[in-house]
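[1] Below is the structure, and that's it, no one-letter string:
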């Protein structure tokens, strides 16, 4: 499909790379334009990887550590997706629901105080309205017709149909009420949530697993949300099992405030001290560090989360290797793409890094130029809404970050154009599929 000095990209190679990148290959095959775009991305990755190797960048100790992190993440991701999650046995009850929502105008985030007459009156009016709708339902009116007439949200066009939900997908009062109903039943009392009241009807009941969710659900966006929820719970189940091994330990207190030599976790013969945790966090943060801006200290809770994530990764990685998944053919094949992609991205970050200094006067000029369009906010007092200019000090770092990002994007664009020309990259448009 494409050629460059010393190499070519075949259709099969492009499709394998796209699948690794989680690009929809079938959608890509439908248009030449999309294939052309992906070919350029793939080629730029190859060129960046080659330059990183030739320049010695690949031998940088930090990049070697980054590569090891990327490889371990890939191993764990594939092991979870292909082995652990499908076999975790997690089952999730789901309900297909319809609802009628009656809004409380200008509802506060917290319930109104007893002496807040205006807000309480609005809430009482909404409660009265929802109970009139409930009376119609009790009198034999169809839920769908009432939803079409009364619901005060976007579901009016679907006659109240919300689709399938997991318990965690809706506010707790809503889910508690919905999952207490049987198919065909509706709530006999309004369900109060911050902002309004619901009447809820269950139109179907089912149980979904990782393997049957596509059969139960038809909406792709719902399938994605369901699979994400099942995936998270399956991982939690697996981690809970693995954390019970006798040679495993995790010390949250050490991660938050331990001495440099204190052990944060151990998984068999692998362990991490507070000093090593600090070095790991610094490595991760350095990928996204912004020049001219002093890094903020890491809160103890955030340190503990870094440590827990690394501990979980170590547990899953050991289990994957114990079952020989690091020798799995699919993993080995994708590992080559992962190494190329990880190093290429790191190299492109490096060569596009802005190493100068944005003059303070330029930052101020950007602020003054866009003062009335970008750096304003709104304030509401009662029914009156007013615009308020955000002080320069509050947005200075954001402005500087945007200016640095613009400089870096410009450097990267220049490199892309140069490297494509230097390698005489060419796409054979006649070989591409689709329109």
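    Right, received. Where do you want to start? From a predicted model like this one, the values you see are computed outputs, not experimental measurements. Numbers count the residues shown, from 1 in each chain.
[2] shaky segments in the protein?
    For the chain, applying pLDDT under 70 flags the ranges 106-119, 287-295, 382.
[3] which residue is nearest the middle of it?
    residue 228 (10.3 Å; Cα atoms, centre = their mean).
[4] Going by neighbour count, list what's buried in the helix or strand encompassing it.
    Using DSSP states H and E, residue 228 maps to helix 220-242. Buried residues in helix 220-242, counted by 16 or more other Cβ atoms under 10 Å: 222-223, 225-227, 229-231, 233-235, 238-239, 242. For every residue, glycine as well, the C-beta is placed using N, CA and C.
[5] Does anything pack onto that helix? Which helices or strands?
    If you count contacts as 3 or more Cβ pairs under 8 Å, 6 or more residues apart in numbering; DSSP states H and E, helix 220-242 packs onto strand 92-103, strand 161-165, helix 213-216, helix 300-322.
[6] Using a markdown table, lay out those together with distance to residue 23 and mean neighbour count.
    As requested, the helices and strands packed on helix 220-242 are arranged in a markdown table below (distance: least, Cβ to Cβ, whole Å; neighbours: other Cβ atoms under 10 Å):
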| stretch | distance to residue 23 | mean neighbour count |
| --- | --- | --- |
| strand 92-103 | 28 | 22 |
| strand 161-165 | 27 | 20 |
| helix 213-216 | 20 | 16 |
| helix 300-322 | 25 | 18 |
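[7] With distance to residue 336 as extra columns, can I get the ones you listed in a markdown table?
    Shown next, in a markdown table, are the helices and strands packed on helix 220-242 (distance: least, Cβ to Cβ, whole Å):
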| stretch | distance to residue 336 |
| --- | --- |
| strand 92-103 | 36 |
| strand 161-165 | 39 |
| helix 213-216 | 30 |
| helix 300-322 | 18 |
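[8] Among these, which comes closest to residue 417?
    With Cβ to Cβ, the closest approach to residue 417 among those belongs to helix 300-322: 38.1 Å.
[9] For the closest one, name the packing helices and strands.
    Against helix 300-322 (3+ Cβ pairs under 8 Å, 6+ apart) you get helix 61-79, helix 220-242, strand 248-250, helix 252-257, strand 263-267, strand 270-273, helix 274-286.
[10] closest one to residue 96 among those?
    Nearest of these (Cβ to Cβ): helix 220-242, 10.0 Å.
[11] on that earlier part again, for the helices and strands packed on helix 220-242, which one sits closest to residue 424?
    Once those are compared by Cβ to Cβ, helix 300-322 is nearest, at 41.6 Å.
[12] Report all helices and strands that the helix or strand just after the closest one contacts.
    Per DSSP H and E, the first helix or strand lying C-terminal to helix 300-322 is helix 329-352. For helix 329-352, the elements it packs on are helix 11-20, helix 32-55, helix 61-79, helix 392-422, judged by 3+ Cβ pairs under 8 Å, 6+ apart.
[13] Rebuild the ones you listed as CSV, extending it with distance to residue 198 and mean neighbour count.
    Below are the helices and strands packed on helix 329-352 laid out as CSV (distance: least, Cβ to Cβ, whole Å; neighbours: other Cβ under 10 Å):
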stretch, distance to residue 198, mean neighbour count
helix 11-20, 42, 17
helix 32-55, 42, 18
helix 61-79, 38, 16
helix 392-422, 38, 14
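[14] Save the ones you listed as a markdown table, and put in distance to residue 145 too.
    Listed next are the helices and strands packed on helix 329-352 as a markdown table, based on distance: least, Cβ to Cβ, whole Å:
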| stretch | distance to residue 145 |
| --- | --- |
| helix 11-20 | 47 |
| helix 32-55 | 44 |
| helix 61-79 | 47 |
| helix 392-422 | 50 |
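[15] From residue 41, how far out is residue 48?
    11 Å (Cβ to Cβ, to the nearest Å).
[16] Of the helices and strands packed on helix 300-322, which is nearest residue 101?
    helix 220-242 (19.2 Å).
[17] Against the centre of the protein, work out the most remote residue.
    Quick read of the chain (Cα atoms, centre = their mean): farthest out is residue 139, 45.6 Å.
[18] just checking, residue 217 touches residue 227?
    No - counting by Cβ atoms under 8 Å, residue 217 sits too far from residue 227 to count as a contact (9.3 Å).
[19] Backbone dihedrals for residue 194, please?
    phi -60, psi 120 (degrees, to the nearest 10).
[20] actually residue 10, sorry about that
    Dihedral angles for residue 10 - degrees, to the nearest 10 - are phi -90, psi 170.
[21] show me the contacts for it.
    Listed by Cβ atoms under 8 Å, 6 or more residues apart in numbering, the contact set of residue 10 reads residue 1.
[22] do residue 273 as well
    Residue 273 neighbours (Cβ under 8 Å, 6+ apart): 260, 261, 262, 263, 264.
[23] tally of neighbours for the last one?
    Same thing as residue 264. 28 (other Cβ atoms under 10 Å).
[24] Quick check: it touching residue 308?
    No - under the criterion of Cβ under 8 Å, residue 264 makes no contact with residue 308, lying 9.3 Å away.
[25] which neighbours do those two share?
    250, 255.
[26] Centre of the chain to stretch 347-364, how far?
    How far stretch 347-364 lies from its chain's middle: 28 Å, per Cα atoms, centre = their mean, to the nearest Å.
[27] how long is it from one end to the other?
    Using Cα to Cα, to the nearest Å, the end-to-end distance of stretch 347-364 comes to 32 Å.
[28] Quick check: buried residues in it?
    347, 348, 351, 352, 354, 358, 363.
[29] Residue 367 against residue 398, yeah?
    No - assessed by Cβ under 8 Å, residue 367 is found out of contact with residue 398, at 9.9 Å.
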